[in-house]
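Visitor: give me a model of this one.
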Amino acid sequence: MTQFLSAEKFDNLRGDGVKFLVIDEAAKVRKAAWQEALRPTLSDTNGRALIIGTPFGRNWFYHEHLRGNDPLYPEYESFKFPTISNPYIPDSEVEFARQTLPSDVFQQEYEADFLEDGAGVFRGIRQCIKGELQEPVPGRQYVIGWDIAKHTDFSVFVVIDVGTAQIVAFERFNQIDYSVQVGRLKDLANRYNGASVLMDSTGVGDPVLEQVKAADVDVDGYSFTNTTKQQLIEHLVVCIEKKEIEYPDIAVMINELELYQYEMTRAGNVRYNAPDGYHDDCVISLALAAWKLKHNYQSMFIAVA
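Guide: Numbering: from 1, shown residues only. Modelled structure (predicted):
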């Protein structure tokens, strides 16, 4: 008898012995599900298991894979099939993915490599930590990224000095009415020499964008779709990898950057998000500020030495 079961509530998998077990997307299955529920079902029957999936960090799936290359475990065999080995996917599609995706995403999703920090989006986060927050300097230009929220999530302002590409001001708050937030944004922009703003104008952000314009703030909106979010995040990936921006050791922002992850949809698209139960407001605000910096001050944008 063939059965198809979910490992989400793995206690339900305990019970009868299994002769042949297939675990799909094994890297997303919890270690406890394998060790406490699935592996024991093979013992009574001397059964076999086929464990398959895309790498997702160096978790239990990675360690089981290593055993297939270790002569101490002759009962194991391991195989690796990168996307290029699939005869139904054109080489040109794989090459296009190589050119357009972050290198770590491509390595994991297309080359089947187990990366040390699987699903992590940003690399070199801590190499960009430098300096402290700073008061505005007369004559300097600044940009602000604003990810807007009111209740559960947080509103975040990130201010970057155009000349140094360094974060000089940072504010994070929630449970404040939008009208008050607009006032705080105007005060911050005025204080930093009339800084120009790029804000999330998706959904509720659209009418708030009009309020900001009415407050005589130099502002543009950025509307999020899966495509525009991918462009925004991948631009920030490059900025951090190339050390094109700097930021003080702002703990909440560093944590968000380190936790930020991606997933591949069934359609083969990349989707970026914070893990369930976590926030990404700092990441989005930083990404908006970096985008504004790059696209409004192209000639002044320099790599940090």
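
Visitor: put the alpha carbons of stretch 235-251 into CSV.
Guide: What follows is stretch 235-251, C-alpha atoms only, in CSV (Å, rounded to 0.1, in the frame of the first residue of the first chain):
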residue,chain,number,x,y,z
HIS,A,235,20.4,45.3,-5.3
LEU,A,236,21.0,45.4,-1.5
VAL,A,237,22.7,42.0,-1.7
VAL,A,238,25.2,43.4,-4.2
CYS,A,239,25.7,46.6,-2.1
ILE,A,240,26.6,44.6,1.0
GLU,A,241,28.8,42.0,-0.8
LYS,A,242,30.8,44.8,-2.5
LYS,A,243,30.9,46.9,0.7
GLU,A,244,29.2,49.8,-1.1
ILE,A,245,27.4,50.8,2.1
GLU,A,246,28.4,51.0,5.8
TYR,A,247,26.3,51.0,8.9
PRO,A,248,26.9,51.1,12.7
ASP,A,249,26.3,47.9,14.8
ILE,A,250,22.6,48.4,15.0
ALA,A,251,21.6,45.0,16.6
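
Visitor: now that stretch: buried residues?
Guide: For stretch 235-251, the neighbour count (16 or more other C-beta atoms under 10 Å) marks H235, L236, V237, C239, I240, E241, E244, I245, E246, Y247, P248, I250 as buried. Any C-beta I mention is one placed from the backbone N, CA and C, and that applies to glycine too.

Visitor: helix, strand, or coil at the second one?
Guide: In other words, L236. With DSSP: H, G, I helix; E, B strand; the rest coil as the basis, L236 sits in helix.

Visitor: just use 368 as the starting number from now, easier for me
Guide: In the new count, where the first residue is 368, that last one comes out as L603.

Visitor: can you tell me how far it is from F524?
Guide: 16 Å (C-beta to C-beta, to the nearest Å).

Visitor: show me where the stretch 568-672 of the chain has helices.
Guide: 572-581, 593-608, 618-626, 648-663 (DSSP state H, counting those that start in this stretch).

Visitor: A516 is nearest to which of those helices?
Guide: helix 648-663 (6.2 Å; C-beta to C-beta).

Visitor: tell me how this protein divides into domains.
Guide: Each domain of the chain is listed here as a residue range: 377-434, 493-667, per automatic domain parsing.

Visitor: and those, which is most packed in?
Guide: domain 493-667 (a mean of 18; mean count of other C-beta atoms under 10 Å).

Visitor: before we move on, back to that, nearest to W401, out of the helices of the stretch 568-672 of the chain?
Guide: Smallest distance to W401 across the helices of the stretch 568-672 of the chain (C-beta to C-beta): 24.0 Å, for helix 618-626.
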